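Peer 1: My questions are about this predicted structure, shown below with the sequence.
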Amino acid sequence: MRGCIQLLAAPRLLSVVGSRRASAAGLAAARELSALVASTGVGIVSGLAEGIDTAAHEAALSVGTETIAVLGSGLDEISPPRNRPLAEQIVVAGGTLISEQTLGAPALPRHLVARNRLVSGIAAAVLIIECEPASGTLHTARFAVEQGRPIFVPPPDRSGEMGEGLRLLRERFGARSFDEGLLTEACAAPMSTRDSASGQLRLEAE
């Protein structure tokens with residue numbers, strides 16, 4: 001790890017994740033909700049990937065709140081490379097970079113799947129901004145369920161519409177519309193310590 005190790009034990013952490021190829025609306029929602037949450041002192045956890053992850057980290061930094069980036073590569077192999085300045089900014093601002101991969105390890109698909117269980121497990125709850133039905137973000141949702149972490153999604157837009165991926169999260173994983181009161185409740189509740197190793201093995205076998 002690099003940065004402030006004490007941040008990993010903070011009781012008020014929210015994971016914010018979503019598509020790498022995010023829509024403009026998705027990026028706007030990630031920035032708005034992450035900044036809103038971070039401004040109340042809740043730390044933001046994400047995976048430093050392009051799209052939603054980047055927007056979430058940047059939003060936390062913009063309001064002066066620490067953020068945790070969980071990497072699917074070695075700490076010296078920032079992926080994507082364009083996020084190297086962001087990674088440095090996270091550390092300088094009092095945040096943390098963590099990885100269970102050795103130095104020099106690339107961001108292989110299996111590393112990214114394993115990374116997702118840490119993204120969900122570190123925080124009290126998971127907010128999934130945007131995802132496709134076959135998105136890797138669903139791995140994070142599965143891990144969150146196995147770890148006993150509540151899943152939130154953005155409220156439907158004014159027309160009541162939501163993407164197919166978010167509808168799937170509601171129907172299959174019990175995701176609820178994001179609400180500050182629900183997040184406060186999740187942060188105050190004792191965090192489950194159920195181990196997700198069996199889930200990781202199941203996903204790798206599939």
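Peer 2: That came through fine.
Peer 1: show me what contacts the nearest residue to residue 36 once chain neighbours are set aside?
Peer 2: Using Cβ to Cβ, 6 or more residues apart in numbering and skipping residues adjacent in sequence, the residue nearest residue 36 is residue 180, 7.6 Å away. Yep, even glycine has a C-beta here, placed from its N, CA and C like the rest. Residue 180 makes contacts with 36-37, 40, as judged by Cβ atoms under 8 Å, 6 or more residues apart in numbering.
Peer 1: now stretch 7-25: mean pLDDT?
Peer 2: Averaging pLDDT along stretch 7-25 yields 92.
Peer 1: list the buried ones in that stretch?
Peer 2: Residues of stretch 7-25 classed as buried by neighbour count (16 or more other Cβ atoms under 10 Å): 7, 10, 12-19, 22.
Peer 1: Could you list which of those residues belong to strands?
Peer 2: 13-17 (DSSP state E).
Peer 1: Between those, which sits nearest residue 117?
Peer 2: residue 15 (10.9 Å; Cβ to Cβ).
Peer 1: Tell me what the closest one is bridged to.
Peer 2: residue 45, residue 126 (DSSP bridges).
Peer 1: doesn't residue 127 make contact with it?
Peer 2: Yes - using Cβ atoms under 8 Å, residue 15 is in contact with residue 127, at 6.8 Å.
Peer 1: quick revisit: any idea how far the residue nearest to residue 36 lies from residue 168?
Peer 2: Per Cβ to Cβ, to the nearest Å, residue 180 is found 24 Å from residue 168.
Peer 1: Cool, thanks, signing off.
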